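>>> Quick check, what structure comes out for this input:
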Amino acid sequence: MMDERYEHFNAKTFEAYCKISIDRAVNRGRRQKHRRAQREVSLTALPDAALAFPCDAIEALIEEQKETTIFRVDDVDIPVHDKTLAMALFSLTPQRRSILLLAYFLNESDADIARDLNLTRSAVQRRRASALELMRQLMGGQTE
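Numbering: from 1, shown residues only. Next comes the predicted model:
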């Protein structure tokens, strides 16, 4: 009798744990999606004029791409076309530069970056935030 009650208690406890874990994962995903939606602008929200480049703009873009700076992170080449952004990235420590490049150019999560750089997730989050703030200061508030 006691064994059945004990097994039933364990089964209910495990079931409750699983439900809580799933709820937390779903809520975390919703929060991440909400935060990303606040930072990103959908292409459908842009006016048509912003999407249509005149020929001069295309030629200027091609010229700008000739002056591309390549950053190498984890055997991946990341091109940066903006001179100001490249100079600001060069001013960061190599680790913070890698964190920003992995997070914003390769869209890796903090957990993935932490695993790649052998850091804790919270350390990656703090360093990414401080590096981003420094970048904003260096670029005069141009990053958004």
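
>>> got the domain boundaries for this protein?
Following automatic domain parsing, one gets these domains for the chain: 1-41, 53-138.

>>> Pick the most deeply packed of the ones you listed.
domain 53-138 (a mean of 15; mean count of other C-beta atoms under 10 Å). For every residue, glycine as well, the C-beta is placed using N, CA and C.

>>> For that one, give the mean pLDDT please.
Taken as a whole, domain 53-138 has a mean pLDDT of 81.

>>> Could you give the separation of that domain from the chain centroid?
Mean C-alpha position of domain 53-138 versus that of the full chain (C-alpha atoms, centre = their mean, to the nearest Å) differs by 10 Å.

>>> that's a strand at I70, yeah?
Yes - judged by DSSP: H, G, I helix; E, B strand; the rest coil, I70 forms part of a strand.

>>> Next, work out how far apart it and M87 are.
I70 sits 14 Å away from M87, going by C-beta to C-beta, to the nearest Å.

>>> again, but for H34
33 Å.

>>> Please list all residues in contact with R5.
Taking C-beta atoms under 8 Å, 6 or more residues apart in numbering as the definition of contact, R5 has no neighbours.
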